[in-house]
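>>> A predicted structure for the sequence below; I have some questions about it.
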Amino acid sequence: MEKISRTKIVDLLKREDFGATVNVKGWVRTRRGSKQVNFIALNDGSTINNVQVVVDLASFSEDLLKDVTTGACVSINGILTESVGSGQKAEIQASDIELLGACDNTYPLQKKGHTLEFLREIAHLRPRTNTFGAVFRIRHNMAMAIHTYFHQKGFFYFHTPIITASDCEGAGQMFQVTTKNLYDLKKDETGSIIYDDDFFGKQASLTVSGQLEGELAATALGAIYTFGPTFRAENSNTPRHLAEFWMIEPEVAFNDITDNMDLAEDFIKYCVRWALDNCSDDIKFLNDMFDKGLIERLQSVLKESFVRLPYTEGINILEAAVANGRKFEFPVYWGVDLASEHERYLVEEHFKRPVILTDYPKEIKAFYMKQNEDGKTVRAMDVLFPKIGEIIGGSERESDYDKLAKRIEELQIPSKDMWWYLDTRKFGTCPHAGFGLGFERLLLFVTGMANIRDVIPFPRTPRNADF
């Protein structure tokens, strides 16, 4: 087979130099046809769209063609011609076909549709489907959008540790990291494990957030963001939780809660706009196949400014809804940590646009949030989105040393783990604020997928660490 440099299908479908000799390589999606001519739909992952290859059966041996089945990998030379069929302007008249990899009849991705549950069981093959090709190209684009946004705004990308000895959220739901033999653990007289001979000489875990280290960086570099894997050992089998996910955490010196809300809204709108501008084919496919309202919902987020609503007013709205006969699974009262159903009611039914909820009761929020003058609430903000609920959580941070030390003491957080964090309040403290965006929750919104396990290549959830 003559060596011709390969053209990616995404580029080939834009070409109009009909009559040129081209080479494409990819995987066969389907092959159909009559006794005289066959049509191969070929895809190489560069786009949701296949290129149609027209094969004149008289020019090829039966031996070769019998192996050109769904899933097989081929290299094809041919003439670029104007497509007579609808849908695409270019197709290929094949002159050479080389089989790079045959695909036997046990290949699970045949022409029929498959459930998303089934595809999770073959997560090593699901990127080859139209759906997951689209999702993972969008995932890449969202990562590029995030880096581009912060780079253009003068933020610095800061790498916080994945292995840590501090628990940022006070969550206690952390995966431990150890080199010790778990069958033979040394314990002291109280039954506590002795870590002296472990790798770090102390208990260590996978990070639940890079925020605390991010704050240190912001009080030196001014504006930073983290973007990395995060681990939560919550036993949550829900469509919105993963044990391993990616998080974006900007942190900005001299920002207050209002600046923080402005940044969150501008940032998320930028990402949605990027998706509409750069992933239109993939989003249209997901809109047509999974979620008929996807494009409309993405566009509506861009059109309106987000509602900014104090928690207390949000509770009043929910209590009024209950009084008018609205049923919620979970109770509503001042001091409750809102459930997803409450968040979605405010966004989807009451305001019909995204809501930034602020000024939460301090009891249900983390120790580092700046307290309001009322002594009851903190300068927290959660961005609530349609179909998802909370997509961003953040706050203005407590910059006063005494107040922060007192709160750490009240919550009985071991100060031996927090001395370095308190130092920033001792050595030139400043107001600062930041937030965390769960990358996969953003992807749920942008793709219209219903389950968070379908927007990450290999989901890690309770009792599931396959592939």
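Nice, thanks for sending it over.
>>> Just give the nearest non-adjacent residue to the residue of the chain most remote from its centre, would you?
The C-alpha centroid of the chain is most remote from residue 58, which lies 49.0 Å away (CA atoms, centre = their mean). In space, residue 58 comes closest to residue 36 once its chain neighbours are excluded; the distance is 7.3 Å by CB to CB, 6 or more residues apart in numbering. Bear in mind the C-beta positions are built from the backbone N, C-alpha and C, glycine included.
>>> Now for the nearest residue to residue 240 once chain neighbours are set aside: which residues touch it?
Nearest non-adjacent residue to residue 240, counting by CB to CB, 6+ apart: residue 452, 5.5 Å away. Residues in contact with residue 452, defined by CB atoms under 8 Å, 6 or more residues apart in numbering, are 239-242, 245, 440-441, 444, 459.
>>> again with residue 386
Residue 386 is in contact with 297, 344, 347-348, 354, 445, counting by CB under 8 Å, 6+ apart.
>>> Just the pLDDT for it.
We have a pLDDT of 91 for residue 386.
>>> go on, residue 283?
98.
>>> Equivalent analysis for the one 4 residues further on, please.
Taken from the predicted model, the pLDDT recorded for residue 287 is 98.
>>> Which strands and helices lie in contact with the helix or strand residue 147 falls within?
For residue 147, the host element (DSSP states H and E) is helix 130-152. For helix 130-152, the elements it packs on are helix 116-121, strand 156-157, strand 223-231, helix 257-278, helix 280-289, helix 439-447, judged by 3 or more CB pairs under 8 Å, 6 or more residues apart in numbering; DSSP states H and E.
>>> For the fifth one, list the C-alpha coordinates in CSV.
This file holds the C-alpha atoms of helix 280-289, laid out as CSV (Å, rounded to 0.1, in the frame of the first residue of the first chain):
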residue,chain,number,x,y,z
SER,A,280,-21.1,22.1,18.7
ASP,A,281,-21.2,18.8,16.8
ASP,A,282,-20.8,16.8,20.0
ILE,A,283,-23.3,18.9,22.0
LYS,A,284,-25.8,18.6,19.2
PHE,A,285,-25.4,14.8,19.2
LEU,A,286,-26.0,14.6,22.9
ASN,A,287,-28.9,17.0,22.7
ASP,A,288,-30.6,14.9,20.0
MET,A,289,-29.8,11.5,21.6
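>>> what residues does it touch?
With CB under 8 Å, 6+ apart as the test, helix 280-289 has contacts from 47-49, 130-131, 133-135, 137-138, 275-276, 293-295, 298, 446-449.
>>> and the angle for the following helix or strand past that helix with helix 257-278?
Note on helix 280-289: by DSSP H and E, the next helix or strand toward the C-terminus is helix 294-303. Taking axes from the mean of the first three to the mean of the last three CA atoms, to 10 degrees, helix 294-303 and helix 257-278 form an angle of 140 degrees between their directions.
>>> which residues touch helix 294-303?
When contacts are defined by CB under 8 Å, 6+ apart, helix 294-303 is touched by residues 268-269, 272-273, 275-276, 283-284, 286-287, 353-354, 385-387, 445-448.
>>> low-scoring pLDDT stretches of the stretch 1-150 of the chain, where are they?
Residue ranges of the stretch 1-150 of the chain with pLDDT under 70: 86.
>>> what about the helices in it?
9-12, 62-65, 116-121, 130-152 (DSSP state H, counting those that start in this stretch).
>>> that older thread, return the set of buried residues in the helix holding residue 147.
Going by neighbour count (16 or more other CB atoms under 10 Å), the buried part of helix 130-152 is 130-139, 141-143, 145-146, 149-150.
>>> One more: stretch 295-314?
295, 297-298, 301, 306-307, 309, 311, 314.
>>> Go through the residues you listed and say which is closest to residue 24.
Taking CB to CB as the measure, residue 24 lies nearest residue 295 of these, at 29.5 Å.
>>> which residues touch residue 183?
Per CB under 8 Å, 6+ apart, neighbours of residue 183: none.
>>> let me redo that: residue 189
Here residue 189 is in contact with no residues (criterion: CB under 8 Å, 6+ apart).
>>> Can you tell me the SS state at it?
When classified by DSSP: H, G, I helix; E, B strand; the rest coil, residue 189 comes out as coil.
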